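Novice: Mind folding the following:
(one chain, ligands or ions: 2)
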Amino acid sequence: MLSYEQARQVVIREVTALGQTTGVAKCALREALGFVLAGEVLADRDYPPFHRSTRDGYAVRAAEAQAGAALPCVGEWKAGDASTTPLAAGTCVQIMTGAGAPPGADAIVMIEHTEREGERVKFLRSAVAGQNIVARGSEARAGNALLRPGQRMGFAEIGLAAQVGAVQVTVHSKPRVAILSTGDEVVSAEETPGPFQIRNSNNFSLGAQVRSAGGVEVSLGNAADRMEAIRAKIEEGLRCDALVISGGVSMGKYDLVEPALRELGAQFHFDAVAIRPGKPAVFATCQGKPVFGLPGNPVSTMVTFELFAAPALDILSGAPARPLALLRARLAEAVRQNAGLTHFTPARIAWVEGEPVVRELRWRGSGDIAALGQANCFLVVDGDKGEMAAGEWAMVLPRRDVV
Ligand code: AMP
Ligand code: MG
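Specialist: Ligands and ions are numbered 1, 2, ... in the order given. Next up, the predicted model:
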């Protein structure tokens, strides 16, 4: 059986091999958060565009502004002024943060390192050439690519694009991800369930996971545990860029997702992973599309989506798969897991005096979404570790939507 790392590598390899199925579109910069760039963003001019002062102080020739020396202050430049008049020898000018240093000045002396005596400025420390000036073009030269295809647009990328006037950017369309649940017991969340029915929470949680992973959810609702019903819905789902199915992948008599996929010519890459919850997770490719068959218990569905479907969405979005952002934290209490599988259990991480500490939550197994609702991470414990003592370092997978 594959480990979860091996299974992720299989997903990354196979989805990469399928190639890009989504198109490219222009996107208003304000709407670009979470999209992946398909084109470059170029510097429209040098950055900074002038020799920029990074301090409030005095623009000087460093050789003249030695400790104990005094120079007459002959002018003032504030941010936005066109500081084109050269600095006369034997003088200084007052300058503000963000203003351009005048030609001839090679240093800015912080106001804190000076004393003002009328029109004269006395220097308390010796200036060093280049200090507190960011030279024109030292951040970027006109025409340099500042952002490249495959980069995800976050707040810094959006700010950078705005700086160079790229108010429209070329991005990959978000992958459309079909979400299908299965089960005779499942009714829609809007309905009042009968005594032995349950509401379709996976339809909502998977939709949220698809969106937070950079996709667009396309809900196919629920299919009853009948071959024709499941098959028809899968065929519909294969028109999207990816298909995520919940339920129907275990060993029960009515677990029909794998047989239905097989009938449609799916190629299976794994149908079990050494994890708990989520061991029966299935990954296949079918008619050029990735298909995930995730076990239906809600916590299993959530864990397996994060581990296996999220990297597929990254690739379909035009970006490299993001690594699993695992952390190390100290165990607040001892934990014990059975041998063989890697366990992902609901837990809370907190930072106590700068050190991460994790505490496992009591939970009643993979149907217990209430426990996950209290959790901000999963504690990740390899079964072969046996018992781990309080204070030991353990692996933690933060819930990326809440931490
Ligand atoms: P399955 O993987 O089909 O064997 O389903 C396992 C359990 O998960 C079932 O007993 C249901 O209680 C639960 N379940 C299945 N599908 C859903 C769903 N769409 N929403 C919430 N719970 C579900
Ligand atoms: Mg079922």
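Novice: which SSE is the residue of the stretch 301-403 of the chain found nearest ligand 2 in?
Specialist: The nearest approach of the stretch 301-403 of the chain to ligand 2 comes at T301, 11.4 Å away (Cβ to the ion). Where C-beta positions appear, they are placed from N, C-alpha and C, glycine not excepted. According to DSSP states H and E, T301 maps onto helix 298-304.
Novice: tell me what that helix is packed against?
Specialist: helix 201-212, strand 289-294, helix 369-374 (3 or more Cβ pairs under 8 Å, 6 or more residues apart in numbering; DSSP states H and E).
Novice: Pull that helix out as CSV, backbone CA atoms only.
Specialist: The C-alpha trace of helix 298-304 is given here as CSV (Å, rounded to 0.1, in the frame of the first residue of the first chain):
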residue,chain,number,x,y,z
PRO,A,298,-16.9,13.5,6.3
VAL,A,299,-13.5,13.7,8.1
SER,A,300,-12.1,11.0,5.7
THR,A,301,-13.4,13.0,2.8
MET,A,302,-11.8,16.2,4.1
VAL,A,303,-8.4,14.7,4.9
THR,A,304,-8.1,12.8,1.6
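Novice: what does it contact?
Specialist: Helix 298-304 is contacted by residues 201-202, 205-206, 209, 246, 273, 275, 277-278, 281, 292, 294-295, 344, 346, 363, 365-369, 371-372, 378 when judged by Cβ atoms under 8 Å, 6 or more residues apart in numbering.
Novice: what's in contact with the lengthiest strand in the chain?
Specialist: Once the chain is assigned using DSSP state E, the strand that runs over the most residues is strand 342-352. Contact partners of strand 342-352, identified using Cβ under 8 Å, 6+ apart, comprise 3-4, 274-278, 299, 303, 307, 327, 329, 337, 356-361, 363, 368, 371-372, 374-383, 396-398, 403.
Novice: same check, this time on stretch 262-271
Specialist: Contacts of stretch 262-271 (Cβ under 8 Å, 6+ apart): 2, 7, 10-11, 14, 227, 231, 234-235, 238, 249, 258, 261, 280-287, 291, 293.
Novice: Now list the buried members of the residues you listed.
Specialist: Among the contacts of stretch 262-271, those buried by neighbour count (16 or more other Cβ atoms under 10 Å) are 2, 7, 10-11, 14, 231, 234, 238, 249, 258, 261, 280-286, 291, 293.
Novice: hmm, back to that, now the helices and strands packed on helix 298-304 as CSV including distance to ligand 2?
Specialist: Below are those laid out as CSV (distance: least, Cβ to the ion, whole Å):
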stretch, distance to ligand 2
helix 201-212, 11
strand 289-294, 11
helix 369-374, 16
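Novice: So which of the ones you listed is the most surrounded?
Specialist: Highest mean neighbour count of those: strand 289-294, a mean of 26 (counted as mean count of other Cβ atoms under 10 Å).
Novice: before we move on, the earlier item: what's the first helix or strand after the longest strand of the chain?
Specialist: Using DSSP H and E, the first helix or strand after strand 342-352 is strand 355-360.
Novice: That following strand packs against which elements?
Specialist: Right, strand 355-360 is packed against strand 327-331, strand 342-352, strand 377-382, strand 393-398 by 3+ Cβ pairs under 8 Å, 6+ apart.
Novice: Please put the alpha-carbon coordinates of the longest one into CSV.
Specialist: The one in question is strand 342-352. What follows is strand 342-352, C-alpha atoms only, in CSV (Å, rounded to 0.1, in the frame of the first residue of the first chain):
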residue,chain,number,x,y,z
THR,A,342,-0.3,7.3,9.3
HIS,A,343,-3.0,8.8,11.4
PHE,A,344,-4.4,12.3,10.8
THR,A,345,-6.4,13.2,13.9
PRO,A,346,-8.2,16.5,14.7
ALA,A,347,-6.0,18.6,17.0
ARG,A,348,-5.4,22.1,18.1
ILE,A,349,-2.1,23.9,17.8
ALA,A,350,-1.2,26.9,19.9
TRP,A,351,2.0,28.9,20.2
VAL,A,352,3.1,29.0,23.9
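Novice: quick revisit: quick check: mean pLDDT of the longest strand of the chain?
Specialist: Averaging pLDDT along strand 342-352 yields 97.
Novice: Ok, stretch 268-287 next?
Specialist: Average pLDDT, stretch 268-287: 97.
Novice: Is it positioned near ligand 2?
Specialist: No - using Cβ under 5 Å from the ion, no contact is recorded between stretch 268-287 and ligand 2, whose separation bottoms out at 10.9 Å.
Novice: chain center to that stretch, what's the gap?
Specialist: Taking Cα atoms, centre = their mean, to the nearest Å, the mean C-alpha location of stretch 268-287 is offset from the chain mean by 24 Å.
Novice: Quote the end-to-end distance of that stretch.
Specialist: 12 Å (Cα to Cα, to the nearest Å).
Novice: Name the nearest residue to the most centrally placed residue in the chain, ignoring sequence neighbours.
Specialist: Centroid-nearest residue in the chain, with Cα atoms, centre = their mean: R322, separated by 7.2 Å. Once flanking residues are discounted, R322 sits nearest to D314: 5.5 Å by Cβ to Cβ, 6 or more residues apart in numbering.
Novice: what about the one you found, how many residues close to it?
Specialist: Number of residues near D314 (other Cβ atoms under 10 Å) recorded here: 21.
Novice: M96 now?
Specialist: 17.
Novice: contacting residues around it?
Specialist: S53, D56, W77, K78, A79.
Novice: Neighbour-wise, give me the winner out of the residues you listed.
Specialist: Busiest of the contacts of M96 [other Cβ under 10 Å] is S53, holding 26 neighbours.
Novice: Derive a PyMOL selection command for the buried subset of the contacts of strand 342-352.
Specialist: The PyMOL selection below is limited to those of the contacts of strand 342-352 classed as buried (16+ other Cβ under 10 Å):
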select buried, resi 4+274+275+276+277+278+299+303+307+327+329+337+356+357+358+359+360+361+363+368+371+372+375+376+377+378+379+380+381+382+383+396+397+398
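Novice: In this structure T182 contacts V244, no?
Specialist: No - at 11.6 Å, T182 does not count as touching V244 under the criterion of Cβ atoms under 8 Å.
Novice: the more surrounded of these two?
Specialist: Between T182 and V244, counted using other Cβ under 10 Å, the more crowded position is V244 (31 against 27).
Novice: Let me know the pLDDT of G57.
Specialist: 98.
Novice: wait, D384
Specialist: 84.
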